[in-house]
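Peer 1: quick one: sequence and predicted model below, then my questions.
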Amino acid sequence: MALSPARRTAFDVLRKVESGGWASDLLLAESAALDSRDAGLASEIVFGALRYQAQIDYLIDFYSGRARRLDAEVRIALRMGIYQLRHLERVPAHAAVREAVDLVKRARKASASGFVNAVLRKVDRGPVAWPAREIAFSCPEWLLARWEREYGAAAAEGIARAALQAPEKYMRGERVQDIGAQAIVPLLRLETGQTFLDLCAAPGNKTAQALEAGVRAVACDVHFQRIAAMRGMGASLLVVDGTRPLPFARRFERILVDAPCSGTGTLGRNPEIKWKLRDPDLADLHGRQVALLRNAMDVLEPGGVLVYATCSLEREENEEVLEAAGGEPVETLRRLPGRDPGDGFWAAVLKSQKSANG
């Protein structure tokens, strides 16, 4: 029997995620030809396997009797199978097992097919005494420890539990936009006719939200393809690297710096971040974020308002960026997964202290 399109797509996406790809982008591209039911199952398997990856890897070793080094294709097939067997009641167990075996054969790892079959036939939905909290919460210990130091044990647990759940879908008009993301633009107190710069604009949800207020908007992004996708929105579009001095002769009354970040506030939506991010990455992000904020402050109109925002939970990307850039917030906003609905966000409102002649 042929492999189901959903599981074949999920397997291919997870292999590419292991090589550095992003699940959402890959699913969008590779599910385009699938019917809605298969696309939905592929998405469920991909995100579920990534959210529960630490638990699943523990179970692979538990059911096989010992920790062992496995080829990536074999481990991915097992992760998919265990996720379905433990979390998807509507999926027949025999289908999850058989197709996992077929996937390793398709990946030219037929010698492992008996092992995969044997492991998956031991899987049940019973409770498990997880040996460590990083496995119980399926989250690296270094992240849990950071959040515990910053927010306390209960909040850290809430963040990790929220990351195991599929995010709720929120709409703003005809656009899908997380409710946390929707809270950022109102901090600018936009008014009709104001000049507005969105320095890191793509994919354009916040630019569209700002345009509803009647501002004269300039939207920038460092990648041409991402900014080109915003054509027709009503903003002037520019390809700009915001970490370099900005190419504007004029200043702006309102500026949004929705900075590229680690995304640790979006782990339910982007669970692979848990497994890709490393502590040293935060220092690199911090440097770029400081440059973005400093350059944006240089083109802020005297008396103007700038909002710096990230979907990160980490101090290096939030408070410490403002400290390094010399920004003094008049207002801050923090949203934590598990405490507040939607993704995690941090934002600071800065007001220009320059005079019209300064």
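Peer 2: Nice, thanks for sending it over. Numbers count the residues shown, from 1 in each chain.
Peer 1: could you find the closest non-adjacent residue to Leu313?
Peer 2: Thr264 (4.6 Å; Cβ to Cβ, 6 or more residues apart in numbering). For every residue, glycine as well, the C-beta is placed using N, CA and C.
Peer 1: burial count for the one you found?
Peer 2: 25 (other Cβ atoms under 10 Å).
Peer 1: distance check, it against Asn270.
Peer 2: Distance, Thr264 to Asn270, using Cβ to Cβ, to the nearest Å: 9 Å.
Peer 1: so the residue nearest to Leu313 is in contact with Glu314, correct?
Peer 2: Yes - the criterion here is Cβ atoms under 8 Å, and Thr264 meets it with Glu314 at 6.0 Å.
Peer 1: domain-wise, how is the chain divided?
Peer 2: What automatic domain parsing lists as the domains of the chain is 5-131, 171-351.
Peer 1: so which residue is smack in the middle of this structure?
Peer 2: Asn270 (3.6 Å; Cα atoms, centre = their mean).
Peer 1: could I get the phi/psi values of that one?
Peer 2: In terms of degrees, to the nearest 10, the main-chain angles of Asn270 are phi -130, psi 70.
Peer 1: make sure Gly234 is indeed in a strand.
Peer 2: No - assigned with DSSP: H, G, I helix; E, B strand; the rest coil, Gly234 falls outside any strand and is coil.
Peer 1: got a list of what the spatially closest residue to the residue nearest to the centre of the chain that is not a sequence neighbour touches?
Peer 2: When the adjacent residues along the chain are set aside, Asn270 lies closest to Gly263, with 5.6 Å between them (Cβ to Cβ, 6+ apart). By Cβ atoms under 8 Å, 6 or more residues apart in numbering, Gly263 lies in contact with 270, 273, 311-312.
Peer 1: what of Met297?
Peer 2: 306, 325-327, 350, 352.
Peer 1: keep only those of these that are in helices.
Peer 2: Ala325 (DSSP state H).
Peer 1: send me the longest helix anywhere in the chain as CSV with only the CA atoms.
Peer 2: Looking across the chain with DSSP H, the single longest helix is helix 279-298. Only the C-alpha atoms of helix 279-298 are listed here, as CSV (Å, rounded to 0.1, in the frame of the first residue of the first chain):
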residue,chain,number,x,y,z
ASP,A,279,22.7,30.5,24.5
PRO,A,280,25.5,32.2,22.4
ASP,A,281,22.9,33.1,19.7
LEU,A,282,21.4,35.6,22.1
ALA,A,283,24.6,37.7,22.1
ASP,A,284,24.5,37.9,18.3
LEU,A,285,20.9,38.9,18.2
HIS,A,286,21.5,41.5,20.9
GLY,A,287,24.1,43.2,18.8
ARG,A,288,21.9,43.5,15.8
GLN,A,289,18.9,44.6,17.9
VAL,A,290,21.0,47.4,19.5
ALA,A,291,22.0,48.6,16.0
LEU,A,292,18.4,48.6,14.8
LEU,A,293,17.2,50.6,17.7
ARG,A,294,20.0,53.1,17.6
ASN,A,295,19.5,53.7,13.9
ALA,A,296,15.8,54.1,14.3
MET,A,297,16.2,56.6,17.1
ASP,A,298,18.4,58.7,14.8
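Peer 1: how far does that helix sit from the chain's center?
Peer 2: 18 Å (Cα atoms, centre = their mean, to the nearest Å).
Peer 1: same question, stretch 230-239
Peer 2: 24 Å.
Peer 1: next: stretch 35-51.
Peer 2: The answer for stretch 35-51 is 16 Å, by Cα atoms, centre = their mean.
Peer 1: follow-up on the earlier one: as a markdown table, the domains of the chain with mean pLDDT and distance to Ala154 would be great.
Peer 2: Output for those, formatted as a markdown table (pLDDT from 0 to 100; distance: least, Cβ to Cβ, whole Å):
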| stretch | mean pLDDT | distance to Ala154 |
| --- | --- | --- |
| domain 5-131 | 96 | 19 |
| domain 171-351 | 96 | 9 |
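Peer 1: can you give me the strands in the stretch 51-200 of the chain?
Peer 2: Listed in chain order, the strands of the stretch 51-200 of the chain (DSSP state E, counting those that start in this stretch) span 171-172, 175-176, 195-198.
Peer 1: most tightly surrounded among these?
Peer 2: strand 195-198 (a mean of 26; mean count of other Cβ atoms under 10 Å).
Peer 1: could you point out which element follows that one?
Peer 2: Per DSSP states H and E, the first helix or strand lying C-terminal to strand 195-198 is helix 205-211.
Peer 1: buried sites along that following helix?
Peer 2: Burial within helix 205-211, assessed by neighbour count using 16 or more other Cβ atoms under 10 Å, is assigned to 205-211.
Peer 1: alpha carbons only: can I get it in CSV?
Peer 2: The C-alpha coordinates for helix 205-211 follow below in CSV (Å, rounded to 0.1, in the frame of the first residue of the first chain):
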residue,chain,number,x,y,z
ASN,A,205,0.6,42.4,9.6
LYS,A,206,1.6,45.3,11.8
THR,A,207,2.1,47.7,8.8
ALA,A,208,-1.5,46.8,7.7
GLN,A,209,-2.7,47.5,11.3
ALA,A,210,-0.9,50.9,11.3
LEU,A,211,-2.4,51.8,7.9
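Peer 1: who touches that helix?
Peer 2: Counting by Cβ under 8 Å, 6+ apart, 172, 175, 177, 181-182, 184-185, 188, 190, 196, 198, 201, 217, 219, 230, 233-235, 254, 256, 258 sit against helix 205-211.
Peer 1: quick one, which of these are buried?
Peer 2: 177, 181-182, 184-185, 188, 190, 196, 198, 201, 217, 219, 230, 235, 254, 256, 258.
Peer 1: among the residues you listed, name the ones in helices.
Peer 2: Using DSSP H, the buried ones among the contacts of helix 205-211 in helices are 181-182.
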